[in-house]
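Participant: predicted model, plus sequence, below.
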Amino acid sequence: MRMYLRLLVATVLVFTQLLHGALSWGKDGHYTVCKIAEGYFEDDTIAAVKKLLPESPDGDLADFCSWPDEIKKLSQWQWTSNLHYVNTPKDRCNYEYCRDCHDTHKHKGWCVTGAIFNYTKQLMSASENSQNIVHYNLTEALLFLSHYMGDVHQPLHTGFLGDLGGNTIIVNWYHNETNLHHVWDNMIIDSALETYYNSSLPRMIQALQAKLKNGWSNDVPSWKSCHFHQKACPNLYASESIDLACKYAYRNATPGTTLGDEYFLSRLPVVEKRLAQGGIRLAATLNRIFSAKPKLAGL
Ligand code: ADE
Ligand code: ZN
Ligand code: ZN
């Protein structure tokens, strides 16, 4: 791995660990998705992730899952900043890859679903052990794929273009002025941590892991499945997200509204399910990628 990436990742890791608990789908959301995923990794995935992760004492994938957010503002990484989301046209509660997945210059594929396809393909090309592969940076590919899989499950990361996925909708979260996008990235999770988990993220993650084994156990196989032998199914996840954005995120959250208990208590189950689905689907995708047998083995 290139030296500067190593340094950056090490810095991010130190900050993540120092600030954990103090900071709050921001960091806590991504950490949760990746931590849940880790519990569902098959042996080939555990081995591949261990090989690809930057060296760090006791470092696990979850510690690195916010790295793409940390770097997106740096000039050399600015090209990644459109890859965290996809927008639908005004008030359209459905998503279409060809219509919606592009950047502001209409370059096709430059959105979160395109990025998931791209990094899945990069990791696959290595698994296939092809002789004439382009040498991608597979550490970066793993970290981007893990992060964007979380993002695509945040309903407002498939939001309307007109309000930039809720970023321009100013609301009050209890007594604090913020925007609707931030409510869904951070505030619902922060309030849940304070209200139910004594501000402990590991406790919240444990509760989601327990639900995956009990209440959601019958749903998990269908969450994992990805049709037509595809390795990744981001179009399905973005379609679900915009549907949830219309039914839950945007509903009763017009500019100037104060969002309190009623909104929090009815939306928290949606956030919890999306974090759990993100984790299960990240694991399922990595398991499909890393169980692919080398096509040219022995040559
Ligand atoms: N984050 C930044 N810009 C965004 C947008 N247009 N839609 C969703 N999330 C975003
Ligand atoms: Zn992101
Ligand atoms: Zn966001």
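Facilitator: On my side now, so go ahead. Note that the coordinates shown come from a computational prediction; the quantities given were computed from them, not determined experimentally. Numbers count the residues shown, from 1 in each chain. Ligands and ions are numbered 1, 2, ... in the order given.

Participant: report the closest residue of the chain relative to ligand 2.
Facilitator: Going by CB to the ion, ligand 2 is nearest to residue 84 of the chain, at 3.6 Å. Where you see a C-beta, it was placed from the backbone N, CA and C, and this is true even at glycine.

Participant: how many residues are close by that residue?
Facilitator: By the measure other CB atoms under 10 Å, the count of residues near residue 84 is 21.

Participant: helix or strand: which one has the residue nearest to it when sequence neighbours are not counted?
Facilitator: Excluding the flanking residues, the one nearest residue 84 by CB to CB, 6 or more residues apart in numbering is residue 151, at 5.1 Å. If you go by DSSP states H and E, residue 151 is part of helix 138-153.

Participant: if we can go back for a sec, for the residue of the chain closest to ligand 2, give me its contacts.
Facilitator: Residue 84 is in contact with 68-69, 72, 112, 147-148, 151, 157, counting by CB atoms under 8 Å, 6 or more residues apart in numbering.

Participant: after the helix or strand harbouring residue 205 comes which helix or strand?
Facilitator: Per DSSP H and E, residue 205 falls inside helix 201-213. Toward the C-terminal end, the helix or strand that comes next after helix 201-213 (DSSP H and E) is helix 220-224.

Participant: just the buried residues of the longest helix belonging to the chain, please?
Facilitator: Across the chain, the longest stretch assigned as helix under DSSP state H is helix 261-290. Neighbour-count burial for helix 261-290, counted by 16 or more other CB atoms under 10 Å, picks out 263-264, 267-268, 270-290.

Participant: quick one on the thing from earlier: pLDDT score for the residue of the chain closest to ligand 2?
Facilitator: Model confidence at residue 84, given as pLDDT, is 98.

Participant: same thing with residue 130?
Facilitator: 56.

Participant: same question for the one 10 residues further on.
Facilitator: Taken from the predicted model, the pLDDT recorded for residue 140 is 97.

Participant: neighbours of it, how many?
Facilitator: 20.

Participant: strands along the chain, start to end?
Facilitator: 86-88, 158-160, 170-173, 176-179, 258-259 (DSSP state E).

Participant: pretty sure residue 258 contacts residue 171?
Facilitator: Yes. In this structure, residue 258 is within contact of residue 171 by CB atoms under 8 Å, at 7.2 Å.

Participant: neighbour count for the two, which is higher?
Facilitator: residue 171 (21 against 11).

Participant: show me which of the contacts of residue 84 neighbour ligand 2.
Facilitator: 69, 151 (CB under 5 Å from the ion).

Participant: nearest to ligand 1, of the contacts of residue 84?
Facilitator: residue 157 (5.3 Å; CB to the nearest ligand atom).

Participant: now do the closest one against residue 29, distance only.
Facilitator: 11 Å (CB to CB, to the nearest Å).

Participant: cool, and residue 217?
Facilitator: 23 Å.

Participant: what do you get for residue 222?
Facilitator: Relative to residue 29, and taking CB to CB, residue 222 is found at 23 Å.

Participant: more neighbours: which of these two?
Facilitator: A count of neighbours by other CB under 10 Å puts residue 29 above the other of residue 222 and residue 29, at 25 against 7.

Participant: quick check: that one touching residue 150?
Facilitator: Yes. Taking contacts as CB under 8 Å, residue 29 lies within contact range of residue 150: 6.3 Å.

Participant: tell me, what's touching the two both at once?
Facilitator: In contact with both residue 29 and residue 150: residue 275, using CB under 8 Å, 6+ apart.

Participant: now do the contacts for residue 237.
Facilitator: Residue 237 touches 113, 149, 152-153, 277, 281, counting by CB under 8 Å, 6+ apart.

Participant: same thing but 6 Å
Facilitator: 152-153 (CB atoms under 6 Å, 6 or more residues apart in numbering).

Participant: show me which residues of the chain are close to ligand 2?
Facilitator: 69, 84, 151.

Participant: fine, thanks again, bye for now.
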